[in-house]
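Chemist: sequence? don't have it. structure:
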């Protein structure tokens with residue numbers, strides 16, 4: 001992906017991490033499988049819902065590393081059926097990796113598999129207000 005013109009400005013120094021996050025988000029947006037929704041649940045809470053019909057909790061993996069949320073599914077052939085046993089195959093039978101970049105302070109509350117939908121609940125708790133007195137030193 002080409003570097004963004006905005007980050008080429010000599011007045012924006014040290015924003016390489018932000019540029020990398022934007023590029024990662026653009027790459028993730030180009031992926032189309034599995035389909036997903038992002039729902040605003042109010043008060044800083046979000047829900048990501050992925051359509052994962054045919055997957056089980058054992059074949060799905062949800063991981064959070066730093067601020068990078070990754071959902072992966074590995075599809076295994078049920079009962080060892082041969083590929084040519086299908087007359088029509090409209091349900092995707094492939095694995096996937098779907099990634100999301102979370103903002104600072106976002107936490108994953110839970111992941112719930114229900115009726116072929118994987119719900120991942122996120123929250124952004126209100127940060128503790130911290131007041132710190134800074135001592136003033138003299139030059140003597």
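Modeler: That came through fine. Nothing here was measured: the structure is a model prediction, and the numbers come from that model.
Chemist: State the distance from residue 24 to residue 101.
Modeler: 6 Å (CB to CB, to the nearest Å). In short, each C-beta sits where N, CA and C put it, glycine included.
Chemist: Is the residue nearest to the spatial centre of the chain part of a helix or strand, or is it coil?
Modeler: What sits nearest the mean C-alpha location of the chain, by CA atoms, centre = their mean, is residue 100, with 2.1 Å. Here residue 100 takes the strand state, with states given by DSSP: H, G, I helix; E, B strand; the rest coil.
Chemist: What residues are bridge-paired with it?
Modeler: In this structure, residue 100 bridges to residue 69 when assessed by DSSP bridges.
Chemist: contacting residues around it?
Modeler: 28, 48, 68, 69, 70, 71 (CB atoms under 8 Å, 6 or more residues apart in numbering).
Chemist: Flag the least confident of these.
Modeler: Least confident entry in the contacts of residue 100, by pLDDT: residue 28, with 64.
Chemist: for this protein, what spans make up the helices?
Modeler: 16-30 (DSSP state H).
Chemist: Show me the shaky parts of it.
Modeler: Per-residue confidence for the chain (pLDDT under 70) gives these ranges: 1-7, 25, 28-30, 77-84.
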